[in-house]
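**Q** let's see this in three dimensions:
(one chain, ligands or ions: 1)
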Amino acid sequence: MKQTVYTASPESQQIHVWRLNPEGTLTLVQVVDVPGQVQPMVISPDKRFLYVGVRPEFRVLAYRISPDDGALTWTAEAALPGSPTHISTDLQGRFIFSGSYNAGCVSVTRLDDGIPTETVEVVEGLEGCHSANISPDNRTLWVPALKQDRICLFTLGEDGKLAAQTPAEVTTVEGAGPRHMVFHPNQQYAYVVNELNCSVDVWALRDPHGNIECVQTLDMMPTDFTDTRWGADIHITPDGRHLYTCDRTSSLITIFSISEDGSVLAIEGFQPTETQPRGFNVDHSGKFLIAAGQKSHHIALYEIQGEQGLLEEKGRYAVGQGPMWVVVNAH
Ligand SMILES: O=C1O[C@H](COP(=O)(O)O)[C@@H](O)[C@H](O)[C@H]1O
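**A** Numbers count the residues shown, from 1 in each chain. The predicted structure is shown next:
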């Protein structure tokens, strides 16, 4: 398996393309100058395209991915209705979802053979909309609205329209600020990092009565932490054994183990990382984690070790200005 790491650095308007070597090093393949401040990124399910959200002219750009070395070639673009804070696709590669914190909306862009075309849906009134996440059955779009302490639930239609479900949302405790989320590979649980109180909620997707229910809430910070909480990202290993979150004030990654059935998290440790880690990701083998320091202008590569999933730093790399998003492709 070959793996390529893409990092987005909005202040220098660059994407860095890295080969991830099996021994735990990165080799620079390409630096792409992007026509705009590049922030969120996602790889198409068929691995042919990297989609990136840019500003101040709000667009999604599609770059074709070389199957040989992961290098990028600009291919197409489409306008977005608001500043893209987060982008993702459905699992069949038919639609791009863009969540906009500043515009308070989520939008759906149709993909035609991987090429972004027109906007087919915009749902407004989602204050602090911070991500859009399709469920493992490709049916439900989970959209955290950070400023409203709720996660809205929409059914994705064949035409890309979003229909509010019944119930239309689940709510967090007041002031939590739900931001990013991941699903367990067993498809039974979702884990949400809450930005403002730095907690992690475990959501059981369907209990025996068909309800979505919060079954655990954990503080992700060390017990002696007293500064402003500023959670950001969350990722899970492909085997569903380890979960990671990050906080930008302390520049810490919190390491969790996950129970066999996915229902219970336990903190295993804290890893100091690059300054102000806004984005990170885990590779497809579950062996490595790559974190971006928005203020250190470097990324760090860690090896995931042992039963606890602790992190050992293998190297750090300069990566333009203000890196804040990391995605990994396996090809
Ligand atoms: O994490 C955060 O994100 C929001 C939105 O970010 P943007 O890059 O889409 O403007 C930001 O305003 C907030 O302060 C920050 O904590």
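
**Q** how deep is residue 215 tucked in, by neighbour count?
**A** 13 (other Cβ atoms under 10 Å). The way it works is simple: take the backbone N, C-alpha and C, and place the C-beta from them, glycine included.

**Q** so who does it touch?
**A** Contacts for residue 215 (Cβ atoms under 8 Å, 6 or more residues apart in numbering) come out as 189, 202, 203, 204, 263.

**Q** can you rerun that using 10 Å?
**A** Neighbouring residues of residue 215 by Cβ atoms under 10 Å, 6 or more residues apart in numbering: 189, 201, 202, 203, 204, 207, 262, 263, 264.

**Q** equivalent analysis for residue 181, please.
**A** Counted by Cβ under 10 Å, 6+ apart, residue 181 has contacts 130-133, 142-144, 151, 190-194, 200-201, 203, 234, 236.

**Q** near the ligand, which residues of the stretch 1-150 of the chain?
**A** Residues of the stretch 1-150 of the chain found near the ligand (Cβ under 6 Å from any ligand atom) are 39, 83, 85, 101, 102.

**Q** hang on, the first one in a helix?
**A** No - assigned with DSSP: H, G, I helix; E, B strand; the rest coil, residue 39 falls outside any helix and is strand.

**Q** I'd assumed residue 326 was in contact with it.
**A** No - using Cβ atoms under 10 Å, residue 39 makes no contact with residue 326, being 11.9 Å away.

**Q** residues shared between the contacts of those two?
**A** Shared contacts of residue 39 and residue 326, counting by Cβ under 10 Å, 6+ apart, come down to 8, 278, 279.

**Q** quick check: buried residues in the helix or strand hosting the first one?
**A** This means residue 8. Secondary structure assignment for residue 8, by DSSP states H and E: strand 3-9. Neighbour counts over strand 3-9 (16 or more other Cβ atoms under 10 Å) mark 3, 4, 5, 6, 7, 8, 9 as buried.

**Q** for beta bridges, what are the partners of the fourth one?
**A** This points to residue 6. Residue 6 has these beta-bridge partners by DSSP bridges: residue 17, residue 327.

**Q** so what's it up against?
**A** 15-18, 29-30, 32, 38, 41-43, 50, 52, 63, 65, 70, 72, 281, 290, 325-329.

**Q** repeat that for the first one.
**A** When the contact criterion is Cβ under 10 Å, 6+ apart, the partners of residue 3 are 18-22, 26, 70, 283-285, 287-288, 328-331.

**Q** okay, it: pLDDT?
**A** The score at residue 3 is 98. That number is its pLDDT.

**Q** residue 319 versus that one, what's the distance?
**A** Distance from residue 3 to residue 319, counting by Cβ to Cβ, to the nearest Å: 17 Å.
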